[in-house]
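Please work out how this folds:
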Amino acid sequence: MIIKPPANAKINKLEGIINYQPNEHKNPQLATKLSGWAKLAGASERRLSRLFTKELGMTLPLWRQHLRLLSSLSLLETNLSVQEIAYKVGYNADSSFIHAFKNLFNQTPQQYRSGGFQLSSR
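Presented below is the predicted three-dimensional model:
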């Protein structure tokens, strides 16, 4: 999965962080904290937080949540249980995963599976 931020000279550090963190994309259960990303970018936490919000339209935690949920889609096509998938993408409880999934995709993970892997439109 490739997440590309908008092209803008002001956000080179932000873009560098997103592209530098391949393990975050491959293993969304890794929870690199804002302080770690800020240190990597050589920016303050506040600056990095503002850049995420301004340029991506969401906070770092919300971006990470979306990344985790998008990562779960391919896992839902396997025989893994919803609980196993929730854990693999970084949730400690399947109920939290189901709630977040339903909020983003307007259906539960099981409904996604039952619907032939189709996302409903909002």
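
Only C-alpha atoms from now on, for both contacts and neighbour counts.
Noted.

in the longest helix along the chain, what's buried?
Taking DSSP state H as the criterion, the chain has its longest helix at helix 60-75. Judged by neighbour count (16 or more other Cα atoms under 10 Å), helix 60-75 contains these buried residues: Leu60, Arg64, Gln65, His66, Leu67, Arg68, Leu69, Leu70, Ser71, Ser72, Leu73, Leu75.

ok, now stretch 81-96?
Under 16+ other Cα under 10 Å, the buried positions of stretch 81-96 are Val82, Ile85, Ala86, Lys88, Val89, Gly90, Tyr91, Asp94.

following the worst-scoring helix or strand of the chain on mean pLDDT, which helix or strand shows up next?
Within the chain, confidence by mean pLDDT, DSSP states H and E is lowest for helix 22-26 among all helices and strands, at a mean of 49. Proceeding N to C from helix 22-26, the next assigned helix or strand is helix 34-41, under DSSP states H and E.

Could you give the average pLDDT over that next one?
Averaging pLDDT along helix 34-41 yields 80.

could I get the buried residues of stretch 81-96 as TSV with distance to Ala41 and secondary structure?
Shown next, in TSV, are those (distance: Cα to Cα, whole Å; DSSP: H, G, I helix; E, B strand; the rest coil):
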residue	distance to Ala41	secondary structure
Val82	35	helix
Ile85	31	helix
Ala86	30	helix
Lys88	27	helix
Val89	25	coil
Gly90	24	coil
Tyr91	26	coil
Asp94	33	helix
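
right, and out of those residues, which lies closest to Gln111?
Val82 (11.4 Å; Cα to Cα).

wait, what's in contact with the closest one?
Leu76, Asp94, Pro109, Gln110 (Cα atoms under 8 Å, 6 or more residues apart in numbering).

what ranges of this structure fall below the confidence cut-off?
1-31, 117-122 (pLDDT under 70).

give me that answer again for 90
The model of the chain has pLDDT under 90 over residues 1-44, 47-49, 51-68, 71, 90, 114-122.

Give me the domain ranges for it.
Per automatic domain parsing, the structural domains of the chain span 9-57, 66-114.

Going by distance to Leu40, which of the buried residues of stretch 81-96 wins?
Of all the buried residues of stretch 81-96, Gly90 has the smallest distance to Leu40: 21.9 Å, by Cα to Cα.
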